[in-house]
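Chemist: Sequence first, then the predicted structure, then my questions.
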Amino acid sequence: MTNGFSGNAQAMSLVAFSAIATITLLLCVMTGPDRDDLDEFYTGYGSLSAMRNGLAIAGDYISAASVLGTGGIIALCGYDGIVLALSTTLSLMLLMFLLAEPLRNAGRFTMGDALARRMPGRGVRMTACAVTIAALLPLMLVQLAGTGQLLAFILGFSGDSLKTGCIIGLGALMISYAAIGGMKGTALIQILKMVMLLGSGAVVAALILRRFDWDPGALFHAAAAQSGVGSAFLHSGVEFAGSPNPRLDMIASELTVVIGGACLPHVTMRMYTASSARQVRRSMSWAVSSVGVFVVIMTVVGFGATALIGRAVIAQADPQGNTAYLLGSRAAFGPDISAGETFLFTTVTTAIFLTLLASVAGMILACANSLAHDVFAARAREMSARREMTLARVSALAVGAPAILLATLVQHRSLQPLVTLSFCLGASAIAPALIYSLFWRRYTRTGLLCTLIGGTVTVLLLMPGTNLISGSPTAAFPEADFNWFPFTTTGLVSIPLGFLFGWLGTVVSGRRVSEEQRHQYEAVEGWILAGAVRRGG
């Protein structure tokens with residue numbers, strides 16, 4: 001097999017995939033909410049302990065794109081990949097210290113609730129829903145398209161029809177998770193995923209370090225020797241070597257990840273599942289700790305892959321390095337793999353498979369909740385809980401089905417632009433809107449709409465000009481060259497503009513409106529910032 005995996009490993013992986021899909025679907029059915037209990041569907045009653053809720057938050061935050069993509073950048077780019085991985089942890093810490101508690105206090109079910117608390121109205125809720133879908137749809141496509149590629153790589157098949165079949169079948173399973181299990185069901189899947197990821201990853205990382213006599217320095221130097229770029233592998237610059245402004249490009253990318261990563265709606269929705277302000281703080285502590293541990297594991301496995309099999313082999317298997325985590329895990333066992341090691345490797349592949357399932361299920365749930373609660377329920381003055389829950393489940397299908405179709409169309413393209421697009425939208429539209437709404441007393445409805453719409457439009461206008469879309473062999477359209485924006489991400493321009501649009505919109509609203517907003521904010525400031533009694537509605 002070209003992937004280097006034995007027939008036993010492939011057979012065991014297929015059996016494990018089938019078993020985990022069956023077990024997780026059964027969990028969703030068993031823990032699914034009653035037909036007329038909105039709080040159970042949207043928040044799971046806040047019944048999870050701080051540790052379990054923290055693991056669920058970490059599970060939503062660590063997507064398959066993070067595991068495979070960031071692991072690949074670590075293996076191919078060394079130091080730059082470590083900085084990117086650390087940026088993901090820093091982003092979650094930013095959410096923990098700045099936004100988590102106010103979000104939990106201000107919101108109820110969705111991001112639209114948090115934004116509309118001060119500025120009620122259908123326009124705000126519909127815009128929040130549109131931005132939620134725009135930010136999460138690209139990430140969904142990446143995970144779904146990656147499902148077919150991952151199964152093809154592990155199981156050793158190459159037919160396009162089989163890949164497409166995997167995308168459709170597993171996409172339907174992910175829709176079922178969201179529609180049947182609701183928040184509690186998807187939380188259980190996220191917890192199971194994190195336990196498997198951390199457990200299997202820690203064992204693989206230990207095996208790799210044992211190959212280098214438990215000396216991380218020896219591992220790093222061996223990886224540099226096998227990287228093809230020498231000592232540059234351990235310094236900044238490899239990832240953006242072809243950029244006209246490599247330093248600025250790296251700063252823009254890290255800024256985008258730090259500001260945008262943890263503000264994406266499928267992560268922030270977990271804040272509403274905490275039963276108290278104290279619990280949300282404890283949950284975030286568990287989440288940050290879990291993500292930090294996994295960043296260490298990814299670093300060891302990524303460098304181990306380069307040290308043990310070489311950067312050229314990793315790039316040949318996938319130019320983006322998305323298979324580096326799996327290749328590094330396989331290489332940790334050496335040329336001869338025992339039955340026990342085959343079982344361990346199967347656990348690793350199953351953890352990645354479960355990561356794909358859980359990630360998309362969480363994103364579909366976030367979009368479906370926003371569509372049902374912010375658009376349909378807000379439109380009707382009196383809507384029964386049962387009807388709203390039915391709409392949420394139908395919305396899961398309405399979001400998931402087009403995502404599956406689009407994923408089958410983009411599966412042969414580079415998926416990195418889609419990941420970057422989501423993070424740019426999170427950093428340029430969602431983060432400024434949340435920060436202004438939660439902390440700026442004079443912020444107005446016009447300012448909020450300008451932030452959300454202006455930030456989103458700016459990203460969509462700038463993104464086609466980046467080198468991720470055209471102008472490089474690894475771009476989405478390598479045969480074309482309409483690259484005019486000199487950075488990999490839009491963050492250096494779109495993030496300041498997102499904040500600027502919010503300020504301008506507020507200024508244009510006039511002093512009277514700003515003063516009204518200030519008085520309204522002061523009336524609830526203690527409740528939002530200090531965690532007074534949580535209100536419904």
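Modeler: In hand now; what should we look at?
Chemist: Tell me where the model's unsure across the chain.
Modeler: Applying pLDDT under 70 to the chain flags residues 1-7, 34-37, 44-47, 378-382, 530-537.
Chemist: So which residues of it form strands?
Modeler: Read by DSSP state E, the chain holds no strands at all.
Chemist: From start to finish, how long is stretch 103-116 in a straight line?
Modeler: End-to-end distance for stretch 103-116: 12 Å, by Cα to Cα, to the nearest Å.
Chemist: And for stretch 69-86?
Modeler: OK, stretch 69-86 end separation, Cα to Cα: 14 Å.
Chemist: how much space between the nearest residue to Arg442 once chain neighbours are set aside and Thr127?
Modeler: In space, and not counting its chain neighbours, Arg442 is closest to Ser514: 4.0 Å by Cβ to Cβ, 6 or more residues apart in numbering. For glycine as for every other residue, the C-beta is placed from the backbone atoms N, C-alpha and C. For Ser514, the distance to Thr127 (Cβ to Cβ, to the nearest Å) stands at 20 Å.
Chemist: before we move on, back to that, dump the residue contacts of the residue nearest to Arg442.
Modeler: 442, 444, 506 (Cβ atoms under 8 Å, 6 or more residues apart in numbering).
Chemist: Would you show me how to pick out the buried ones of those residues in PyMOL?
Modeler: Those of the contacts of Ser514 that count as buried under 16 or more other Cβ atoms under 10 Å are selected in PyMOL with:
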select buried, resi 442+444+506
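Chemist: Can you add distance to Leu354 and give the contacts of Ser514 back as a markdown table?
Modeler: What follows is the contacts of Ser514, written out as a markdown table (distance: Cβ to Cβ, whole Å):
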| residue | distance to Leu354 |
| --- | --- |
| Arg442 | 46 |
| Thr444 | 44 |
| Thr506 | 44 |
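Chemist: out of the contacts of Ser514, which are inside helices?
Modeler: Thr506 (DSSP state H).
Chemist: what's the closest of the contacts of Ser514 to Ser329?
Modeler: Thr506 (50.6 Å; Cβ to Cβ).
Chemist: I'd say the closest one and Arg442 touch.
Modeler: Yes: here Thr506 lies in contact with Arg442, judged by Cβ atoms under 8 Å, at a distance of 6.0 Å.
Chemist: separation between the residue nearest to Arg442 and Gly123?
Modeler: 18 Å.
Chemist: Ile404 too?
Modeler: 30 Å.
Chemist: who has more neighbours, these two?
Modeler: Using other Cβ atoms under 10 Å, the more surrounded residue of Ile404 and Gly123 is Ile404, with 22 against 13.
Chemist: In contact with the more buried one: list those residues for me.
Modeler: Taking Cβ under 8 Å, 6+ apart, one finds 144, 167-168, 171-172 in contact with Ile404.
Chemist: repeat that for 7 Å
Modeler: 144, 167-168, 171 (Cβ atoms under 7 Å, 6 or more residues apart in numbering).
Chemist: taking the residues you listed one by one, which sit in helices?
Modeler: 144, 167-168, 171.
Chemist: Next up, the contacts around Ile189.
Modeler: Per Cβ under 7 Å, 6+ apart, neighbours of Ile189: 24, 27, 177, 357-358, 361.
Chemist: which among the residues you listed gets closest to Ser158?
Modeler: Leu357 (22.6 Å).
Chemist: any idea how far the closest one is from Leu504?
Modeler: Taking Cβ to Cβ, one finds Leu357 at 42 Å from Leu504.
Chemist: Neighbour count: the two, which is higher?
Modeler: More crowded of Leu357 and Leu504, by other Cβ under 10 Å: Leu357, with 25 against 16.
Chemist: any idea how far the residue lying closest to the more buried one once chain neighbours are set aside lies from Thr306?
Modeler: Counting by Cβ to Cβ, 6+ apart, Leu357 lies nearest to Met174, which is 5.8 Å off, once chain neighbours are set aside. As judged by Cβ to Cβ, Met174 and Thr306 stand 32 Å apart.
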